[in-house]
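Undergrad: below is the sequence, then the predicted model.
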Amino acid sequence: MFNKILLASDGSEHAIRALDKALLLVRNNSSAFIEVVFVIDREQSRADVLHNWNSADLEKKRKQKLAFTEQKLKKADVDYQITILHGEPGPTIVKYANEKEFDVCVIGSRGLNSLQEMVLGSVSHKVAKRVKCPVMVVK
């Protein structure tokens, strides 16, 4: 049984499907806890700063990306926490997951084709390869 779940999310459709699977993992488990981890990529952060006039607008836009996730977690009556980290998503999620010793890590797949994945590597692939706990990659 999984009690401490890391859900890596960027608010995308793939991340919402991963959320649905995480909620299935904690069904009927009153002691379960889901920590939603949102990583702000440094490159994206620079672009966001250039396109937004003030930090309040920027923060609001970031929170909106996870608003639906938070609504679903509240509706499911699950203990949760949202953690915002900074860095390159793959290595940042791996480091955090390994330090905090989660029971399972749930992450959405971006659905890259095999050539893109071979050349670039997907975040989900990097996480699955390096995290010490079981990893569920959701398509």
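TA: Perfect, thanks for sending it. Residues are numbered from 1 along each chain as shown.
Undergrad: measure residue 1 to residue 129 for me?
TA: 25 Å (Cβ to Cβ, to the nearest Å). In short, each C-beta sits where N, CA and C put it, glycine included.
Undergrad: can you check residue 96 too?
TA: Taking Cβ to Cβ, one finds residue 96 at 16 Å from residue 129.
Undergrad: between these two, which has more neighbouring residues?
TA: residue 96 (20 against 11; other Cβ atoms under 10 Å).
Undergrad: any idea whether the more buried one is helix, strand or coil?
TA: At residue 96, secondary structure determined by DSSP: H, G, I helix; E, B strand; the rest coil is helix.
Undergrad: in contact with it, which residues are there?
TA: Going by Cβ atoms under 8 Å, 6 or more residues apart in numbering, residue 96 touches 6, 37, 83, 85.
Undergrad: from those residues, which land in helices?
TA: Within the contacts of residue 96, no residue falls in helices by DSSP state H.
Undergrad: tell me the one among the residues you listed nearest to residue 102.
TA: Proximity of the contacts of residue 96 to residue 102 (Cβ to Cβ) peaks at residue 6, which lies at 4.3 Å.
Undergrad: I figured residue 39 was touching residue 91, is that so?
TA: No - contact criterion Cβ atoms under 8 Å: residue 39 and residue 91 do not qualify, at 9.4 Å.
Undergrad: so if I had to pick from those two, which one is more boxed in?
TA: residue 39 (22 against 14).
Undergrad: what's the residue lying closest to that one once chain neighbours are set aside sitting at in phi/psi?
TA: Counting by Cβ to Cβ, 6 or more residues apart in numbering, residue 89 is the residue found nearest to residue 39 once chain neighbours are left out, at 4.3 Å. Dihedral pair for residue 89: phi -50, psi -50, per degrees, to the nearest 10.
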